[in-house]
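Student: My questions concern the predicted model and sequence given below.
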Number of protein chains: 2
Amino acid sequence: MPNPTLHDVARAAGVSYSTADRVLNRRGGVAEKSILRVQRAIEELGYQRDIHAANLSRRRSYDFRFYLPFGDHGFFSVLRRAVEGQIQQRLAERVQITVHDVPPLDADALAAELSRIGAGECDCVGIIGSDSAALTLAVERLEGIGIPVVTLVSDAAIDARSLYVGIDNVAAGRTAGRLLRFAHGRGSGRVLPILGKLDSRDHRDRLSGAREVLAEPGGDLHLLSPLEVLDRPEAMREKLAAALASDPQITGIYSIGAGNRALIQILRQITGPRPFVVLHELTAHSRAALEADLIDAVIDQKPDQEIALAIQAMKTIADQLPVVHPEVNPTIFLRDNLPA
Amino acid sequence: MPNPTLHDVARAAGVSYSTADRVLNRRGGVAEKSILRVQRAIEELGYQRDIHAANLSRRRSYDFRFYLPFGDHGFFSVLRRAVEGQIQQRLAERVQITVHDVPPLDADALAAELSRIGAGECDCVGIIGSDSAALTLAVERLEGIGIPVVTLVSDAAIDARSLYVGIDNVAAGRTAGRLLRFAHGRGSGRVLPILGKLDSRDHRDRLSGAREVLAEPGGDLHLLSPLEVLDRPEAMREKLAAALASDPQITGIYSIGAGNRALIQILRQITGPRPFVVLHELTAHSRAALEADLIDAVIDQKPDQEIALAIQAMKTIADQLPVVHPEVNPTIFLRDNLPA
DNA sequence: AAACAAAAGAAAGACGTATGTCAAAATCAT
DNA sequence: ATGATTTTGACATACGTCTTTCTTTTGTTT
């Protein structure tokens, strides 16, 4: 009745435990017919190796590192908390997680950090990807010395890294675009996109996703040319104020990147009907803005789930088992379905 | 460097392993001062018991049962697949999960099944709640004989059951209402709610959530009186066709319960502009309808996640550890953020 | 100081798996 | 049949925890 053990398998196959073990762990030196008998017994009994007992015996423990930007950037601190939240939980399953600080928005600094990691120093590293030759090189080196790399949030070094865990940013942009369409019914409108940098891949993807949907037939929606604010509050304040002043017909705003604190401040000052606003990442600020009816929707990439899935996948990769690409979906938060 | 073991704790506290064990597992017969020394050592070393080794040693295995309605009801089959998907995975961690069939929408039959479970027969059961005196009694009995009960999807026997894992249905209804508001901009409209039974708690909750939001000031939205279709396709077809014919001003439909297959069929026949449609649960049919632009949004309760969290919580409950109420949020799917 | 109870320690075997060593058995080549 | 080789089995030890049994130490009571 209880789960069969490898002893049971051996008995059923009519071989010794040693032989069953040799088959299970591919140690070689086993006659073909014995291999078959063991495999058949495994099939028939529905044997499942007790991974925990195995890890215990192997003294296996996983050492994972996350390289995350420091600073109080809203989203990155959410991400960091998500990782820290996992540390305790995963400890019980022999997964050691450490977080290493890197300067924000600095691919070269990240690359330099990564290049300091020696072979065997850890079992897997997680980074936030970005387009950079130096970073690509660093990732290639790590993979070369047997340390798999997982990219988060934004992909990078696509040929080298083992896995990307994060949302499809085109889909996220499309989703934002769809909400903006909803808000315009069958009427017309002008939508202003705001982003950090146009050469950041995730921002580009989101913008083009939104453009796709807004350009669909039915309704007359015009997507204005994007404001680049480089994650700097002053830039956001100035450029957005200027844009709103020069074009009073703006009926929608899609904030693609960071800097939402400044955006929200400006929205607070608008009297009368305000544009329909969609932005990214649920943080303390964006949440408050939703609740205060200053914005309408937040597209979130569920950092908690993303990190949990990434760690899960890292274990699988470290064990050299086949990885199922974990899926994270862009999630829509309105003021009515906020988490507690 | 590696995780400290209980041996390390004992050594650090200057007591024997036995004493450390007696403290850790509250076996009693330990002097107060020793208890304190051990606790301090645990603190200082950051000791975390290796649960897997503990379970191995205890020969602990968890036996959980889910009682789910049979039939090809879209959502329930999704839910069932979610459970079945977990069976294999959890096996490796010594969790045995079995699914038991019960007739759909029949609280008394479920209650009868539950009353057949004897003490010690399993470690926890999961059911889909519904308001019923018989069911309440059955749940009370189970909890009485030491078998905790977890309710899913819809809550029931609130005083007796150990935990509810599922979405807040008022929030789900509010979310649907918000989307319907979006779609009406600042204009007016008439929204038709359709549900299974008014005396089903989750349906009632969703309806009142939607009503709350639609009644907010700004815009002129009228919520029509709900159609009761009792999960029966013919009822849906007849009543909905009649409603649409008699009121051509309907601009929104909120389908609260099941029976969406028939709803979608009718929508397909509409020529010209159709109402904005929000319904519940992502199934093969609702997904296809989203993709075909027959409906606009689906509110989903993420059955996979719900089941995973429920099982997680069941383990915690079975171990008599403090349970953190797991949160499941109503999720919005548009045609642009569908999972792969 | 003797008698007793409470507290602490020592030791052993178990859980299911991994891994190594060594000897026995089966198979092969000559 | 002999030796060489491959295959198999037996056994031991370990992982970190649980649990039981038995002894020893310490403290209290009279």
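Tutor: Structure received. Residues are numbered from 1 along each chain as shown, chains lettered A, B, ... in the order given.
Student: what about residue A:195, how many neighbours?
Tutor: Counted by other Cβ atoms under 10 Å in any protein chain shown, the residues lying close to residue A:195 total 24. Glycine gets a C-beta too; all of them are placed from N, C-alpha and C.
Student: partner residues bridging it?
Tutor: residue A:228 (DSSP bridges).
Student: what about the nearest residue to residue A:235 once chain neighbours are set aside, how many neighbours?
Tutor: The shortest distance from residue A:235 to any non-neighbouring residue, by Cβ to Cβ, 6 or more residues apart in numbering or on different chains, is to residue A:229 (4.3 Å). Other residues within reach of residue A:229, judged by other Cβ under 10 Å, total 25.
Student: Tell me the predicted confidence for residue A:229.
Tutor: Per-residue confidence (pLDDT) for residue A:229: 86.
Student: From DNA strand D, how far out is the residue sitting nearest the centre point of chain A?
Tutor: Central residue of chain A (Cα atoms, centre = their mean): residue A:166, 2.9 Å from the mean position. Residue A:166 is 34 Å from DNA strand D, where distance means Cβ to the nearest atom of the strand, to the nearest Å.
Student: thought that residue was touching residue A:305?
Tutor: No: using Cβ atoms under 8 Å, residue A:166 makes no contact with residue A:305, being 10.6 Å away.
Student: which neighbours do those two share?
Tutor: Taking Cβ atoms under 8 Å, 6 or more residues apart in numbering or on different chains as the criterion, residue A:166 and residue A:305 both touch residue A:328.
Student: What is the neighbour count of residue A:31?
Tutor: 10.
Student: Repeat that for residue A:181.
Tutor: Quick note: residue A:181 (other Cβ under 10 Å) scores 25 neighbours.
Student: So it sits against residue A:215, correct?
Tutor: No: the criterion here is Cβ under 8 Å, and residue A:181 misses it with residue A:215 at 10.4 Å.
Student: How about the stretch 51-200 of chain A: which residue is closest to DNA strand D?
Tutor: Here the stretch 51-200 of chain A gets closest to DNA strand D at one residue, residue A:57, 3.4 Å apart by Cβ to the nearest atom of the strand.
Student: And that residue, how close does it get to residue A:69?
Tutor: As judged by Cβ to Cβ, to the nearest Å, residue A:57 and residue A:69 stand 39 Å apart.
Student: And the two? Which one has more around it.
Tutor: Taking other Cβ under 10 Å, residue A:57 and residue A:69 do not tie; residue A:69 has more neighbours (19 against 10).
Student: And that one, how far from DNA strand C?
Tutor: From residue A:69 to DNA strand C the distance is 38 Å (Cβ to the nearest atom of the strand).
Student: neighbours around the residue nearest to that residue when sequence neighbours are not counted, how many?
Tutor: Spatial nearest neighbour of residue A:69, excluding adjacent residues (Cβ to Cβ, 6+ apart): residue A:104 at 3.5 Å. For residue A:104, the neighbour count with other Cβ under 10 Å is 16.
Student: For residue A:104, pull up the helix or strand it's in.
Tutor: Residue A:104 belongs to no helix or strand when assigned by DSSP states H and E.
Student: Was I right to think the residue nearest to residue A:235 contacts residue A:261?
Tutor: No: look at residue A:229 against residue A:261 with Cβ under 8 Å: they stay out of range, at 11.7 Å.
Student: give the contact list for residue A:304.
Tutor: Contact analysis of residue A:304 by Cβ under 8 Å, 6+ apart lists A:82, A:85.
Student: tell me which parts of the stretch 51-200 of chain A are close to DNA strand D?
Tutor: A:53, A:56, A:57, A:59 (Cβ under 7 Å from any atom of the strand).
Student: residue contacts, the third one?
Tutor: For residue A:57, no residue counts as a contact, taking Cβ under 8 Å, 6+ apart as the criterion.
Student: so what are the domain limits for chain A?
Tutor: Domain assignment for chain A, taken from automatic domain parsing, gives A:6-49, A:62-166+A:303-328, A:169-300.
Student: Tell me the span between the first and last residue of the shortest one.
Tutor: Between the start and the finish of domain A:6-49 there is a gap of 8 Å, counting by Cα to Cα, to the nearest Å.
Student: Any residue of that domain touching chain B?
Tutor: Yes: judged by Cβ under 8 Å from any Cβ of the partner chain, domain A:6-49 comes into contact with chain B at A:48, A:49.
Student: Show me how far that domain is from its chain's centre.
Tutor: Distance, stretch centre to chain centre, for domain A:6-49: 40 Å (Cα atoms, centre = their mean, to the nearest Å).
Student: ok, is that domain in contact with DNA strand C or not?
Tutor: Yes: on the criterion Cβ under 7 Å from any atom of the strand, domain A:6-49 is in touch with DNA strand C at A:6, A:7, A:17, A:18, A:21, A:24, A:25, A:47, A:49.
Student: Can you flag the buried ones in those?
Tutor: Neighbour-count burial (16 or more other Cβ atoms under 10 Å in any protein chain shown) is assigned, among the residues of domain A:6-49 next to DNA strand C, to A:6, A:21, A:24, A:47.
Student: how about these in a markdown table, adding pLDDT?
Tutor: Formatted as a markdown table, those follow (pLDDT from 0 to 100):
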| residue | pLDDT |
| --- | --- |
| A:6 | 94 |
| A:21 | 95 |
| A:24 | 93 |
| A:47 | 91 |
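Student: Please give the element, helix or strand, for residue A:76.
Tutor: Residue A:76 belongs to helix A:74-91 when assigned by DSSP H and E.
Student: picking that back up, just name the closest of the residues of domain A:6-49 next to DNA strand C to chain B, please.
Tutor: Taking Cβ to the nearest Cβ as the measure, chain B lies nearest residue A:49 of these, at 7.4 Å.
Student: ok, now which ones touch that closest one?
Tutor: A:6, A:24, B:92.
Student: how far away is the nearest residue to the first one once chain neighbours are set aside from residue A:49?
Tutor: Setting aside the residues directly before and after it, residue A:6 is nearest to residue A:20 in space (Cβ to Cβ, 6+ apart), at 5.4 Å. Spatial separation of residue A:20 from residue A:49 under the definition Cβ to Cβ is 11 Å.
Student: How many neighbouring residues does the residue of the stretch 201-340 of chain A found nearest DNA strand D have?
Tutor: Closest approach between the stretch 201-340 of chain A and DNA strand D, counting by Cβ to the nearest atom of the strand: residue A:319, at 16.8 Å. Close neighbours of residue A:319, defined as other Cβ under 10 Å, add up to 15.
Student: swap in residue A:101?
Tutor: Using other Cβ under 10 Å, residue A:101 has 12 other residues around it.
Student: mind listing what it touches?
Tutor: Residue A:101 is in contact with A:67, A:68, A:69, A:70, counting by Cβ under 8 Å, 6+ apart.
Student: Give the ChimeraX command for selecting the buried subset of the residues you listed.
Tutor: Selecting only the buried entries of these in ChimeraX, with 16+ other Cβ under 10 Å as the criterion:
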select /A:67,68,69
